[in-house]
Every structure is written in structure tokens, then in C-alpha cells.
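> take a look and give me a structure for this.
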Amino acid sequence: MCAPQPANISCADLSTDTDLNDVEVLQGLFGMAQGVDICTGIVVEELTPVVTMQNCGLGSVIRSFTVTDPSGNSSSCQQLISINPATNYAIKFPRDVVGDCAEPGADTLVIENAGCDNFAVNVTEQTFTVPGDGACYKIFRTYTVINWCEYDGFPRP
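All right, here's what the predicted structure looks like:
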């Protein structure tokens, strides 16, 4: 009996809806075990995979296989699939806008995430008005973005 070779894959190479617990999905992506015996009628069975995933795309899948011949003799083997994290993103912050006491066009924060990053975004806003008619004002908007896959909780020196 021979299991497929161990595999290393980036989490970015898997679609977000890939079900790593689905045996048919795993067979399509990583192959199937092969059984060879002098007897005909061998049965190759793939057992339920053991999937261990952490945040940010890091994890592994252990696939187990058994082959049984008509005499009841059996053998087993495993395949290890290592899933590696991938950091690949771009952040576009809104530009500063100046208006002539009129409502400025709104710009927005854009995060392009081509990896397996996990972002948290917080926006705070302060509005300062001019005393009098209140037509003119300033808005100070602060964006705080944390990539939980890179954040370690300690400020850089």
C-alpha cells in the first residue's frame, strides 16, 4: 500500500470554501492511496481525516488509509499535508479631502487581502465645528488596522 506523497501547500492556494474534512475534496487535490496485492478484490479505504487548523491559514491534515485483501489481511499508511500561512495584502487609506464648507466626497479604507491574513479595523471620528452658522467644520477620522497574523502585542523600538 502506498499513500500519496506528503504535501506542502500555501493557504492562499486553497479557496476559502475548501472543505478539508471532505474526503473527495482531498482526493481531488492530493491524490488517493494505491493498494497492490497478488489477490484480486482488494479494498482501499480512506478514513476520516484529522484536520488541525490555526488562525491565519496555518495547519495540517493527516489522511489515513487502509487496504484489505479478500483474506482479511490489512495494511495502513498516512499522508501529511502541511498548510502554510501566506501574508500578501495592501491597505489603501482614504485621502485627505478639502471642501469649501460643503459635504466632501467620501473616500473609504480598502484592504486587498490576497493571502490568509485576518484584519480588525476600528474607525474613530471627531467633528470640530466653527462657531456661528456651523456650515464649516473639520472631521478628524482615525483608522486603526490590526493584522492579527502579524501583530505580537509589543511596540517596535
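> burial of residue 71, as a residue count?
9 (other Cβ atoms under 10 Å). For the C-beta atoms, the positions are set from N, CA and C on the backbone; glycine is no exception.
> surely it forms part of a strand?
No - counting by DSSP: H, G, I helix; E, B strand; the rest coil, residue 71 falls outside a strand, being coil.
> that one contacts residue 38, correct?
No - Residue 71 lies out of contact with residue 38 (Cβ atoms under 8 Å); the separation is 10.4 Å.
> ok now whichever strand or helix holds residue 80, how far from the chain's centre?
Taking DSSP states H and E as the criterion, residue 80 maps to strand 74-84. The chain centroid and the centroid of strand 74-84 are separated by 22 Å under Cα atoms, centre = their mean, to the nearest Å.
> how distant is the helix or strand that that strand is followed by from the center of its chain?
Next in sequence after strand 74-84, counting helices and strands by DSSP H and E, comes strand 89-92. Offset of strand 89-92 from its chain centre (Cα atoms, centre = their mean): 16 Å.
> any low-confidence regions in this structure?
Scanning the chain with the threshold set as pLDDT under 70 gives 1, 37, 100-106, 133-135.
> got the contact list for the residue most central in space within it?
Against the mean C-alpha coordinate of the chain, by Cα atoms, centre = their mean, the closest residue is residue 116 at 3.6 Å. By Cβ atoms under 8 Å, 6 or more residues apart in numbering, the residues touching residue 116 are 11, 12, 56, 57, 85, 86, 87, 149.
> how much space separates it from residue 53?
10 Å (Cβ to Cβ, to the nearest Å).
> start and end of stretch 26-42, how far apart?
21 Å (Cα to Cα, to the nearest Å).
> which residues does residue 92 bridge with?
residue 110 (DSSP bridges).
> that one and residue 143 touch, don't they?
No - in this structure residue 92 lies outside contact range of residue 143 using Cβ under 8 Å: 10.7 Å.
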